[in-house]
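Undergrad: using only what follows, build the 3D model:
(one chain, ligands or ions: 2)
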Amino acid sequence: MEKGQKDIAVCFPFKKENVEDFKNNIKEALSHERVGHVILVGYNENETYRGISDFISTLKAEEKSRISLIIQKRLGTKRRAGKGDGMNTAIQYFVERGKEKFLHFYDADIKSFSRTWIDRVQLRLDEGYHVSRCFFPRAYTDAMVTWNITRTGFAYVWPHTILPDIEQPLGGELGFTREVAERLAKDKIVLEASDWSIDTALTISFARYGVKLYEVYIKEGKHHKLYGKLSDLETMTVECFDFIRENKNLRIDTDRMVYHKDNTVEVPQEYKTRIAFDIDGTIREFKEGWTEKMKSLLLEYFPSHIRERVSKAISDGDYDFMNPTLWYESYEIFMKHFDPTIEEWRKLLFKLWVLRVLNHTKLALKDPDASLRSLKEMIELFRARAGVKNRHF
Ligand code: GDX
Ligand code: MG
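TA: Numbering: from 1, shown residues only. Ligands and ions are numbered 1, 2, ... in the order given. Model prediction:
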């Protein structure tokens, strides 16, 4: 980089966020000497959008000139309009109008964001990696979509690739080169990932392109708005699963791909024991909303040893059974039969995922280290079984 060159664009996609936190993040990005452009992509002209628009009007002319506040376009045609449309709008805007060489993304709701994150991501891009993405220490009861949907799904569908080894394949904090942005902007698979599936779509696409990828460990962690009951994650769980299912016939070969990551120091004790969601509220909700159609899907597709335990969980509150082996069997059934157009399939996937999370959480409360080991072993179990069967769908 030439001295004084502003060669990085930073994008914050946003929907409804705390305006003060978001303002701090924008200021932090603007204060970075290499950031030439800050792209803010809103879902619509809501309260957050208006708050940020007022804030921009108070900035100095030089800072104002480096900010674009835009509304996301409808780029996908099949899936819900969500974060994916926001990120894809930013990528297109960057490719068509931006002059910078690199594009970074960060979530707008992060409370621990600092300009040093930009440095740490950019360091690897400057070294020649095409994509550099963050991963964070997470509570052992957090990241339950990542472990039980995404890394398991990658191990199931693409067991021979590095995809299941990526620490946080759903993370929204990452940077890549203009060349990668240009490919993404034309990629139908990515453009259709208009909802929460965008993070999965990007990860899969980096593997499809065979990029040089680096995962950067941000040891201070990502502090952001918290979840309540697991039902806050229902849409994300289903959308992330469905994207993998829909693309299960994609042939991906990562033999020549370069993938490196930071070594992590031991996760701090406070993370090991922290409970990431409202357990009692989740259990209460689990019992509700079972329709006849959901029960008939269970009866038709699931073996009796799973079906009977699910029924007992609903009637007697015996929640602690969905271990990695039973989850593998269930996952396979969803992979083969799940229909995203049928609401009951979506609900059933979510309910069984809740049982998996509750089973893991019980172990995490008793023996945190054993629970982390069991998540890692679950990925290897999925990989080994899928690899051995070497199935063709
Ligand atoms: N433009 C736009 N449109 N932005 C959105 C939309 C949307 O429809 N929905 C969410 N966002 C923004 C949001 O304002 C925030 O800046 C960011 O996207 C992430 O959303 P948040 O509600 O904070 O998601 P959460 O649950 O923190 O998940 C993030 O981390 C997950 C993970 O680390 O596993 C998010 O980046 C997920 O994609 C990721 O799976
Ligand atoms: Mg968040």
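
Undergrad: only C-alpha atoms for contact and neighbour calcs from this point on.
TA: OK.

Undergrad: buried residues, stretch 58-65. List them.
TA: Under the neighbour-count criterion of 16 or more other CA atoms under 10 Å, stretch 58-65 has 63-64 buried.

Undergrad: make that stretch 276-290, sorry
TA: 276-277, 279, 282-283, 286.

Undergrad: kindly check the end-to-end length of it for me.
TA: 25 Å (CA to CA, to the nearest Å).

Undergrad: quick check, that stretch touching ligand 1?
TA: No. Using CA under 6 Å from any ligand atom, stretch 276-290 stays clear of ligand 1, coming no nearer than 11.9 Å.

Undergrad: tell me the pLDDT of residue 2.
TA: pLDDT for residue 2: 65.

Undergrad: tell me how many other residues crowd residue 329.
TA: Neighbourhood size, residue 329 [other CA atoms under 10 Å]: 15.

Undergrad: same question, residue 24
TA: By other CA under 10 Å, neighbour count at residue 24 equals 18.

Undergrad: so it, which of the three states?
TA: Of the three states, residue 24 takes helix under DSSP: H, G, I helix; E, B strand; the rest coil.

Undergrad: so what's residue 255 up against?
TA: Residues counted as contacts of residue 255 (CA atoms under 8 Å, 6 or more residues apart in numbering) are residue 161.

Undergrad: how much space separates it from ligand 1?
TA: Residue 255 sits 26 Å away from ligand 1, taking CA to the nearest ligand atom, to the nearest Å as the criterion.

Undergrad: oh, and call the first residue 17 from now on, that's how I've got it
TA: Understood, numbering begins at 17; the last thing we discussed is residue 271.

Undergrad: my guess is residue 180 contacts residue 163. True?
TA: No. Here residue 180 does not reach residue 163: they are 9.4 Å apart, not a contact under CA atoms under 8 Å.

Undergrad: same drill for those two, tell me which one is more crowded.
TA: residue 180 (24 against 20).

Undergrad: just say helix, strand or coil for that one.
TA: Classified using three-state DSSP, residue 180 is helix.

Undergrad: ok, now how distant is it from residue 186?
TA: For residue 180, the distance to residue 186 - CA to CA - is 12 Å.

Undergrad: hey, what's in contact with both of those two?
TA: In contact with both residue 180 and residue 186: residue 166, using CA under 8 Å, 6+ apart.

Undergrad: one step back: output the buried residues of stretch 292-306 as JSON lines; include the columns secondary structure.
TA: Listed next are the buried residues of stretch 292-306 as JSON lines, based on three-state DSSP:
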{"residue": "292", "secondary structure": "coil"}
{"residue": "293", "secondary structure": "coil"}
{"residue": "295", "secondary structure": "helix"}
{"residue": "298", "secondary structure": "helix"}
{"residue": "299", "secondary structure": "helix"}
{"residue": "302", "secondary structure": "helix"}
